[in-house]
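Asker: no sequence for this one, just the structure:
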């Protein structure tokens, strides 16, 4: 019973880490990265479609992203989607493709982004603790129901704490890497 509970939490914790990595990939670091367009969708023939499905996205220069649609008729839809996406980047439409010029980040903006990274990391740690709490509640319920002994409960508590510590250290490492990347000029 206890083994099952402990096996259930690992995928949930890994999912929280993967979500955190996805959020980090969307944060701009000063260099052009096509992943900042991951969450942007355009209305294409009446359906919301991600820009990655509508166009090729390349990075010809460190501060520039080029979006070249497979179908030129979608060019204006993609441009509108980028304008409305809160990326803070103005698209330049030349009739063939869209250029996104990323302005250099100021020191103040870099510090704001580093603070955002820390906040996202803390939110991830909270979700890890919530997963641990749910598992701990199940362990205690199993002990009360007579499905586990006191020794099993103690062992489960140690294992839960060990897993949370392990995943928290991974979050801390990801935060440090992203902060270093953001603060690099």
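Answerer: Perfect, thanks for sending it. Keep in mind that this is a model prediction, so the values were computed, not measured.
Asker: give me the next element, helix or strand, following the longest helix along the chain.
Answerer: Longest helix of the chain, by residue count under DSSP state H: helix 107-144. As assigned by DSSP states H and E, the chain's next helix or strand after helix 107-144 is helix 150-183.
Asker: from the centre of this structure, point out the most distant residue.
Answerer: Residue farthest from the centre of the chain, counting by CA atoms, centre = their mean, is residue 146 at 40.7 Å.
Asker: domain ranges for the chain?
Answerer: Domain segmentation of the chain under automatic domain parsing yields 2-26+106-183, 34-101.
Asker: would you turn those into a markdown table with mean pLDDT?
Answerer: Converted to a markdown table, the domains of the chain look like this (pLDDT from 0 to 100):
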| stretch | mean pLDDT |
| --- | --- |
| domain 2-26+106-183 | 90 |
| domain 34-101 | 87 |
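Asker: out of everything not next to it in sequence, what's closest to residue 101?
Answerer: With sequence-adjacent residues excluded and distances taken as CB to CB, 6 or more residues apart in numbering, residue 101 is closest to residue 64, at 5.6 Å. C-beta coordinates here come from the backbone N, C-alpha and C atoms, glycine included.
Asker: phi and psi next, for the one you found.
Answerer: Dihedral angles of residue 64 (phi, psi; degrees, to the nearest 10) stand at phi -140, psi 140.
Asker: state the distance from residue 113 to residue 54.
Answerer: 28 Å (CB to CB, to the nearest Å).
Asker: would you mind confirming that residue 56 makes contact with residue 78?
Answerer: No. Using CB atoms under 8 Å, residue 56 makes no contact with residue 78, being 11.5 Å away.
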